[in-house]
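1. I'll drop the sequence and a predicted model, then ask my questions.
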Amino acid sequence: APDAASEAVRARKTTPADREGFLAWVMLLPAVVYIIALVGVPFLLAIAFAFSDVTTGDPSFDWVGFANFEAIFADGVFWRSLGNTLLFTTVSMLLIVVFGKILANILVADFRGKWVVRFLVLLPWTTPVALSTISWLWFLDSIYSPVDWVLRSVGLIEENVVWLGGPGTAMTSVIAVHVWRLTPLAAVIVMAGLVAIPR
């Protein structure tokens, strides 16, 4: 009798929807194709292009070996760009983590008006990039900057600072904008972790 019942169950499992292994692969296939098409193919193309003479507007593919790498490593602009990237990443990520932790502790605390504080904290992250870019360009303008006006009123500077004109001030400005933009996201992530921890 048990053999007959199991045979009946196996006979009923004839459609593709009844086969779990097949159904799992069918459900995963769109995601796998998506990842291969948008991540895998560009990654392999980038590696292939690194060893070729492909340029914008000239799709001809000629193998040049390590000539591109030799030219880059001998270029002073590359090393300066690499140093700027490392400085920007290190300083901005350190500040984002520290400020994100501080803001997360503030957001987790229970006090009156916490919803207003949460709104103000999340505002930089929800602001459209185009709008925040225009706002920051105005804030950092060399003539009409309100930042310069405040610093002059307090007595910290005597004349306007060209925020985006010098290497040091430009890096500081870009790091400040990046930290302002991503700190709310870090705060929300840390806050979610803090809320999940039992008291």
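-> Alright, I've got the coordinates.
2. Pull the contacting residues for the residue nearest to Leu194 when sequence neighbours are not counted.
-> Spatially, and ignoring its direct neighbours in sequence, Leu194 is nearest to Val108 (5.0 Å; C-beta to C-beta, 6 or more residues apart in numbering). Bear in mind the C-beta positions are built from the backbone N, C-alpha and C, glycine included. By C-beta atoms under 8 Å, 6 or more residues apart in numbering, the contact set of Val108 is 191, 194-195.
3. Among those residues, which lie within helices?
-> 191, 194-195 (DSSP state H).
4. filter those residues to the buried ones?
-> For the ones in helices among the contacts of Val108, a burial check counting by 16 or more other C-beta atoms under 10 Å picks out Met191.
5. Lowest-confidence one in the ones in helices among the contacts of Val108?
-> Lowest pLDDT within those is found at Val195 (84).
6. Tell me how many other residues crowd Ile96.
-> Neighbour count of Ile96, defined by other C-beta atoms under 10 Å: 21.
7. if we can go back for a sec, JSON lines for the contacts of Val108, including distance to Thr126?
-> Formatted as JSON lines, these follow (distance: C-beta to C-beta, whole Å):
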{"residue": "Met191", "distance to Thr126": "15"}
{"residue": "Leu194", "distance to Thr126": "21"}
{"residue": "Val195", "distance to Thr126": "20"}
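8. Return the distance of the helix ranked longest in the chain from the chain's centre.
-> In the chain, taking DSSP H as the definition, the longest helix is helix 76-108. A distance of 12 Å separates the C-alpha centroid of helix 76-108 from that of its chain, computed with C-alpha atoms, centre = their mean, to the nearest Å.
9. Ok, stretch 107-118 next?
-> On C-alpha atoms, centre = their mean, the centre of stretch 107-118 falls 27 Å from the chain's centre.
10. tell me the mean pLDDT over it?
-> Per-residue scores along stretch 107-118 average to 83.
11. again, but for stretch 61-69
-> So the average pLDDT for stretch 61-69 ends up being 90.
12. Ends of it, what's the gap?
-> 17 Å (C-alpha to C-alpha, to the nearest Å).
13. swap in stretch 34-54?
-> Taking C-alpha to C-alpha as the criterion, the two ends of stretch 34-54 lie 26 Å apart.
14. what residues does it touch?
-> Residues outside stretch 34-54 that contact it (C-beta under 8 Å, 6+ apart): 60-66, 68-69.
15. Asp141 - that's part of a strand, no?
-> No - the assignment for Asp141, made by DSSP: H, G, I helix; E, B strand; the rest coil, is coil rather than a strand.
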